[in-house]
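Undergrad: Make a model of this:
(2 chains)
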Amino acid sequence: AQSVTQLGSHVSVSEGALVLLRCNYSSSVPPYLFWYVQYPNQGLQLLLKYTTGATLVKGINGFEAEFKKSETSFHLTKPSAHMSDAAEYFCAVSSPTRGSYIPTFGRGTSLIVHP
Amino acid sequence: KAGVTQTPRYLIKTRGQQVTLSCSPISGHRSVSWYQQTPGQGLQFLFEYFSETQRNKGNFPGRFSGRQFSNSRSEMNVSTLELGDSALYLCASSLATGASGNTIYFGEGSWLTVV
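TA: Predicted coordinates for the structure are as follows:
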């Protein structure tokens, strides 16, 4: 079984401040981990993913995430928030079993960026 | 390369009616999965099709059904619509094979309103 917990349904930051969105997962096998972003009235867009190899993963729009197995975490960060980063962010975990790659999604975190 | 295409984008139906939503996956992708997104329940997995066969199914009533055609295009159908079926329905596609096969790519979604 696999699950994802995103801490904080809303995170508010000032423009230019550090963005930190938290994600913890549980998985019985080595996980694949993802962050997606959803802008209003749109579908989900892949930000970055971790499968194997380097634990620090860089994605689009200046975001990055670090896989920490000991902490079962995959937190998303960005050094300096921009107004255009305001959106809903989803963490997801996939643990291929029986040939299925269906990910489990967290409840999402709404990022609010203040000018 | 064209992304995942969903039609229609917006629709309004009356309680008791049925609706069919369509999804064209990214070229070469053989897996199509469907999700329901609502403010209260977040992203919920409906079902996944691979090579015209339903491979996984979420916890939804039998009113929700789907199919996949030989060209990997997929449709989902909801019969006897209820007010609670109002949601954003998201389609996603993936290669579903290999190390990168677990990455799913979403369409823009179909907004269904049941009145």
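
Undergrad: From A:C91, how far out is A:H75?
TA: Counting by CB to CB, to the nearest Å, the separation of A:H75 from A:C91 is 9 Å. For glycine as for every other residue, the C-beta is placed from the backbone atoms N, C-alpha and C.

Undergrad: tell me, what's touching the two both at once?
TA: Common contacts of A:H75 and A:C91, defined by CB atoms under 8 Å, 6 or more residues apart in numbering or on different chains, comprise A:21, A:23.

Undergrad: ok, and the closest non-adjacent residue to A:P79?
TA: Leaving aside its chain neighbours, A:P79 sits nearest to A:L18 (6.1 Å; criterion: CB to CB, 6 or more residues apart in numbering or on different chains).

Undergrad: residues contacting the one you found?
TA: The neighbourhood of A:L18, defined by CB under 8 Å, 6+ apart, consists of A:77-81.

Undergrad: between A:H75 and A:C91, who's got more neighbours?
TA: A:C91 (30 against 19; other CB atoms under 10 Å in any protein chain shown).

Undergrad: distance of that one from B:I12?
TA: For A:C91, the distance to B:I12 - CB to CB - is 32 Å.

Undergrad: Residue numbers of chain A in contact with chain B?
TA: The interface of chain A toward chain B, taken as CB under 8 Å from any CB of the partner chain, is made up of A:32, A:34, A:36, A:41-46, A:49, A:51-52, A:90, A:94, A:96, A:99-108.

Undergrad: Wasn't A:S70 part of a helix?
TA: Yes. Going by DSSP: H, G, I helix; E, B strand; the rest coil, the assignment for A:S70 places it inside a helix.

Undergrad: And the pLDDT at it?
TA: Among the per-residue scores, A:S70 holds a pLDDT of 91.

Undergrad: okay, now it: neighbour count?
TA: Tallying neighbours of A:S70 according to other CB under 10 Å, which is how burial is gauged here, yields 5.

Undergrad: which residues does residue 85 contact?
TA: You didn't pick a chain, so chain A it is. Residues near A:D85 by CB under 8 Å, 6+ apart: A:19, A:61, A:78, A:111, A:113.

Undergrad: You answered for a different chain; I wanted chain B.
TA: By CB under 8 Å, 6+ apart, the contact set of B:D85 is B:78, B:112, B:114.

Undergrad: Now name the helix or strand holding the spatially closest residue to A:H75 that is not a sequence neighbour.
TA: Residue nearest to A:H75 in three dimensions, not counting chain neighbours: A:R22, with 5.1 Å by CB to CB, 6+ apart. Counting by DSSP states H and E, the element that carries A:R22 is strand A:19-27.
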